[in-house]
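Q: Only the shape, not the letters, is given here:
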């Protein structure tokens, strides 16, 4: 680890797993055996969530870039956090595309107004508004950082799974 608090990339280490990645282990629910989590384990979990074909292509492109960064977090740990931050922006892009599809008024310009519009139209269920407000809040925080933060891979995979579901739900109607 460097004074930066994360791996400093070099010609010699850029293709090697980040040393932080070697600290994660899993415990077998069958026999209690502890084993290191391999890159392939993270990869399978990251590739599992899929956006539906009904989601606009541009949103799917943004999603795949965020997911690609998440995959490569195994080699450069800060990419897990960067991917999580990008997923919040992908969710915002999905809301914007949905607003365009339902011809939201031109006066609706920011993320909160767009979510409110989709809630008012019944596209986002009222009970999900708090969740979407949370996405907006995290998007705001991560888009205007004061310092480098670090998220655990499992946390970002959870964000990936939830945002995948949210975006699919937006375009299932």
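A: On my side now, so go ahead. Quick caveat, the model's predicted, so the values are computed rather than measured.

Q: next structured bit after the host helix or strand of residue 80?
A: According to DSSP states H and E, residue 80 maps onto helix 78-101. Later in the chain than helix 78-101, the nearest helix or strand by DSSP H and E is helix 111-120.

Q: what comes up buried for the helix or strand following that following helix?
A: Later in the chain than helix 111-120, the nearest helix or strand by DSSP H and E is helix 129-143. Across helix 129-143, burial judged by 16 or more other Cβ atoms under 10 Å covers 132, 135, 136, 138, 139, 142. In short, each C-beta sits where N, CA and C put it, glycine included.

Q: what comes into contact with helix 129-143?
A: 84-85, 88-89, 91-92, 95, 111-112, 115-116, 119, 124, 149, 163, 166 (Cβ atoms under 8 Å, 6 or more residues apart in numbering).

Q: ok so, going back, out of the buried residues of helix 129-143, which is nearest to residue 49?
A: Set against residue 49, the nearest of the buried residues of helix 129-143 by Cβ to Cβ is residue 135 (15.5 Å).

Q: do you know how far that closest one is from residue 5?
A: Note on residue 135: its distance to residue 5, by Cβ to Cβ, to the nearest Å, is 27 Å.

Q: for the protein, which spans come out with low pLDDT?
A: Within the chain, the ranges that satisfy pLDDT under 70 run 1, 173.
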